[in-house]
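In: quick one, what's the 3D model for this:
(chains A, B and C)
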Amino acid sequence: MPELPEVETIVRALRAPCVGQRIERVTIKWKRHIATPGAKQFSKQICGQTIRDINRRGKFLVLGLTTDTLLIHLKMSGDLTVVPQSAPPDKHAHTVFHFASGNELRFSDTRKFGRVYLVRDPAEVTGDLGPEPLDDTFTARKLGDILHGHHRALKPLLLDQTVIAGVGNIYADESLHRARLHPLRRSHTLTPDEARALWRSLRYTLNQAIRNQGSSIDRVYRGGEHQNHFRAYDRTGEPCPVCGRPIRRILVGQRGTHYCPNCQRP
DNA sequence: AGCGTCACCCGGACGC
DNA sequence: TGCGTCCGGGTGACGC
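Out: Predicted coordinates:
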């Protein structure tokens, strides 16, 4: 399921084949993918625009076009690929952008949760997102201030995109394990050392995953090699890499949460 | 403010 | 083998 590292991997892969390409035509096979504007208006508005640049904000892909911005959220099962129009059809490619060059950008999404947004100002979509955890401006001090500004359990706090952008279930569990912090620990009770440990583990975990070109646990999403490096996520019952005790799985806010009961004390 | 619950989807895993 | 059922994921809406 694409989180920050997976989206970053896709962004890097798409730049070369997409930047500079002119969108000739759009095929929309499932209209609800188009969050805004309506499907008809979407096609009309996007055709003729050229992709200027591709970036990421949180889990959104941000494609700068001639006059508008195209934002894509992949949710759990979305994927983007550029292929020649002669490539075999993909039954889950619900929206396809046809380039003047003959290639096409396919947005395929088995579970149909993904959404695309065509707007003048990207802030209409990403305006409420919290800071980027890998930015130079995201210091240990800043994370400390965020933690102390909330009275919440760490796990749901990390998943809240308005607090920190881009962290999902995998990297929340992995970061908390590396920082030896219990997922239900209240954010305002962390000592400065613990906040610094979380800051370091969060950045380390995300950077490592980008280096490994992301993870894939849900096999619906292709993903990279990082899934072989999980310490806690999806390892219920398997030994903790630090102490050897079995990893436990609990539900926190309806989300599967994996942690080591020995290393991550309440 | 923070938390719980539901809805949106469907491939894959599981039980029979 | 084949069928039915459940699960899980990110997020937004809603109620407490």
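In: does whichever strand or helix holds residue A:41 reach DNA strand B?
Out: Under the criterion of DSSP states H and E, residue A:41 resides in helix A:39-46. No. Helix A:39-46 lies apart from DNA strand B when judged by C-beta under 7 Å from any atom of the strand; the minimum separation is 13.8 Å. C-beta: built from backbone N, CA, C; applies to glycine.
In: beyond that helix, next helix or strand please.
Out: Next in sequence after helix A:39-46, counting helices and strands by DSSP H and E, comes strand A:51-57.
In: any buried residues in that next one, and which?
Out: By 16 or more other C-beta atoms under 10 Å, the buried positions in strand A:51-57 come out as A:51, A:54, A:56-57.
In: any idea which of these is closest to DNA strand B?
Out: Among those, residue A:57 lies closest to DNA strand B (C-beta to the nearest atom of the strand), at 21.3 Å.
In: quick one: name the residues of chain A near DNA strand B.
Out: Within chain A, the positions adjacent to DNA strand B are A:32, A:92, A:110-113, A:150-153, A:156-157, A:186, A:219-220, A:252-254 by C-beta under 7 Å from any atom of the strand.
In: in helices, which of the residues you listed fall?
Out: A:156-157 (DSSP state H).
In: all helices for the stretch 51-200 of chain A, in order.
Out: Using DSSP state H, counting those that start in this stretch, the helices of the stretch 51-200 of chain A run over A:123-126, A:140-148, A:154-159, A:169-178, A:192-211.
In: below-threshold pLDDT in the stretch 151-266 of chain A: ranges please.
Out: The stretch 151-266 of chain A contains residues with pLDDT under 70 at A:215-228.
In: give me every residue that touches residue A:81.
Out: For residue A:81, the contact set (C-beta atoms under 8 Å, 6 or more residues apart in numbering) comprises A:105-106, A:108.
In: the closest residue to DNA strand C within chain A: how many residues sit nearby?
Out: Closest to DNA strand C within chain A is residue A:168: 2.9 Å, counting by C-beta to the nearest atom of the strand. Residue A:168: 22 surrounding residues under other C-beta atoms under 10 Å.
In: and for the one 10 residues further on?
Out: As a burial measure, residue A:178 scores 22 neighbours (other C-beta under 10 Å).
In: what do you get for residue A:261?
Out: For residue A:261, the count of nearby residues is 15 (other C-beta under 10 Å).
In: how close does it sit to residue A:246?
Out: Distance of residue A:261 to residue A:246, computed by C-beta to C-beta, to the nearest Å: 8 Å.
In: picking that back up, for the residue of chain A closest to DNA strand C, give me its contacts.
Out: By C-beta under 8 Å, 6+ apart, the residues touching residue A:168 are A:1, A:3-4, A:59, A:159.
In: give me that answer again for 6 Å
Out: residue A:3 (C-beta atoms under 6 Å, 6 or more residues apart in numbering).
In: so what's the residue count around the spatially closest residue to residue A:237 that is not a sequence neighbour?
Out: Once flanking residues are discounted, residue A:237 sits nearest to residue A:246: 5.0 Å by C-beta to C-beta, 6 or more residues apart in numbering. Other residues within reach of residue A:246, judged by other C-beta under 10 Å, total 14.
In: list the backbone torsions phi and psi for residue A:246.
Out: Per-residue torsions, residue A:246: phi -70, psi 140 (degrees, to the nearest 10).
In: hmm, residue A:240 and it touching each other?
Out: No. Contact between residue A:246 and residue A:240 fails when scored by C-beta atoms under 6 Å: they sit 7.3 Å apart.
In: who's in contact with stretch A:123-143?
Out: So stretch A:123-143 is in contact with A:57-58, A:60, A:71, A:117, A:161-165, A:195-196, A:199, A:202, A:206, going by C-beta under 6 Å, 6+ apart.
In: okay, buried residues for that stretch please.
Out: A:125-126, A:129-134, A:138, A:140, A:142-143.
In: wait, a helix at residue A:15?
Out: Yes. The assignment for residue A:15 by DSSP: H, G, I helix; E, B strand; the rest coil puts it in a helix.
In: alright, that wraps it up for me.
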